[in-house]
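S.K.: Could you look at this predicted model? Sequence included:
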Amino acid sequence: MTGTFTALILALERRDHISEEEKRLLEQLPFRIRTFAAGEKLVVESSRPTESCLVLNGFAARQQYVSEGKRQLTAVHIAGDFVDLHSMLLKVMDHSVVSLGDCIAAFVPHTSLQAIIAASPHLGRLLWLSTVIDAAIERNWVTCLGRRPSNTHLAHLICELYARLETVGLVRGQSFQLPVTQSDIADIVGLSVVHVNRMIQELRASGLIRWDRKMVTVLDIDRLHELADFDPTYLNLIREAR
């Protein structure tokens, strides 16, 4: 199965059965494709989108700035993620979504998404589920920011990305692409770049990961889970009727 909506379908199928007719409804959605370089905005703060943005390749992140100019990344999106389904209801975006490295995205009209939700309430529930999972991930990130030690916070982020990328077939031989800078990581975990570099070196020295430029290899997933106290329940990766 290859196509514009392949990763989205894989992510939804991990959570529930999708009929062939439902797959056709998704695959027939109209869309336009755009490519983005690192730092370019897929979605602009204060805009009023009439389309929702689906990541096809690469990584994107939700970002917000405080008045002093400091940035916080509040979510990382991967292939198969709609980054702003909520824009159908919220109308005005209170944050932007920025590309982390090169990124390709498809933009689907809200009217077309509303039409398939009307045609298939089950697909509507699954799209709703994806926004609920986004909220669950953000709750977990808040907990990590507030209560996890810095070394376990980074380990937890790697465990999460590994699980999510594996779901859409983007982990190969325990390795996955992660084209982010240490500055990006710092803006996720709320620490300095120097501290992030130290944490990466500690994980390497412990024999848990190998991080070469844009490629992360998990060398011991069980020990990494143990260090991170990682429980994937919040990712809702169990397939059941929704």
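M.R.: Noted; the coordinates are in hand.

S.K.: quick one: buried residues of the helix-or-strand element of the chain with minimal mean pLDDT?
M.R.: Scoring the helices and strands of the chain by mean pLDDT, DSSP states H and E places helix 87-90 at the bottom, with a mean of 94. Residues 87-88 are the ones in helix 87-90 that count as buried (16 or more other CB atoms under 10 Å). The C-beta positions use only the backbone N, C-alpha and C, and glycine is treated the same way.

S.K.: Residues in contact with it: which ones?
M.R.: Helix 87-90 is contacted from outside by 43, 49, 52, 93, 110, 113-114, using CB atoms under 8 Å, 6 or more residues apart in numbering.

S.K.: Which elements pack onto the next helix or strand after it?
M.R.: Next helix or strand after helix 87-90 toward the C-terminus (DSSP states H and E): strand 96-109. Applying 3 or more CB pairs under 8 Å, 6 or more residues apart in numbering; DSSP states H and E, one finds that strand 96-109 makes contact with strand 32-36, strand 41-43, strand 51-65.

S.K.: ok, and which of these has the densest surroundings?
M.R.: Ranked by mean neighbour count, those are led by strand 51-65 with a mean of 21 (mean count of other CB atoms under 10 Å).

S.K.: related to what we said a few turns ago, derive a PyMOL selection command for the buried subset of the contacts of helix 87-90.
M.R.: Buried residues within these, by 16+ other CB under 10 Å, are selected in PyMOL with:
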select buried, resi 43+49+52+93+113
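
S.K.: and the angle for the helix or strand containing T111 with strand 51-65?
M.R.: Element membership of T111 [criterion: DSSP H and E] is helix 110-119. Orientation check (axes from the mean of the first three to the mean of the last three CA atoms, to 10 degrees): helix 110-119 against strand 51-65 gives 110 degrees.

S.K.: in helix 110-119, what's buried?
M.R.: Neighbour counts over helix 110-119 (16+ other CB under 10 Å) mark 112-113, 116-117 as buried.

S.K.: continuing past that helix, what's the next helix or strand?
M.R.: Reading on from helix 110-119 to the C-terminus, the next helix or strand found by DSSP H and E is helix 121-147.

S.K.: in the helix or strand following that following helix, what's buried?
M.R.: Downstream of helix 121-147, the first helix or strand assigned by DSSP H and E is helix 150-167. Judged by neighbour count using 16+ other CB under 10 Å, the buried positions of helix 150-167 are 150-165, 167.

S.K.: so what does helix 150-167 touch, helix or strand wise?
M.R.: Packing partners of helix 150-167 (3+ CB pairs under 8 Å, 6+ apart): helix 121-147, strand 175-177, helix 182-189, helix 193-205, strand 215-218, helix 221-228.

S.K.: For it, what is the distance to the chain centroid?
M.R.: Centre-to-centre, helix 150-167 and its host chain are 11 Å apart (CA atoms, centre = their mean, to the nearest Å).

S.K.: Tabulate the CA atom coordinates of it in PDB.
M.R.: Output in PDB follows, covering the C-alpha atoms of helix 150-167 (Å, rounded to 0.1, in the frame of the first residue of the first chain):
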ATOM      1  CA  SER A 150      16.200  15.600  32.400                       C
ATOM      2  CA  ASN A 151      18.000  12.300  31.400                       C
ATOM      3  CA  THR A 152      14.700  10.300  31.600                       C
ATOM      4  CA  HIS A 153      12.800  13.100  29.800                       C
ATOM      5  CA  LEU A 154      15.000  12.700  26.700                       C
ATOM      6  CA  ALA A 155      14.900   8.900  26.900                       C
ATOM      7  CA  HIS A 156      11.100   9.100  27.100                       C
ATOM      8  CA  LEU A 157      10.900  11.300  24.000                       C
ATOM      9  CA  ILE A 158      13.000   8.800  22.100                       C
ATOM     10  CA  CYS A 159      10.800   5.900  23.300                       C
ATOM     11  CA  GLU A 160       7.700   7.800  22.200                       C
ATOM     12  CA  LEU A 161       9.000   8.700  18.700                       C
ATOM     13  CA  TYR A 162      10.200   5.100  18.200                       C
ATOM     14  CA  ALA A 163       6.700   3.700  19.000                       C
ATOM     15  CA  ARG A 164       4.900   6.200  16.800                       C
ATOM     16  CA  LEU A 165       7.300   5.900  13.900                       C
ATOM     17  CA  GLU A 166       7.200   2.100  14.100                       C
ATOM     18  CA  THR A 167       3.400   2.300  13.800                       C
END
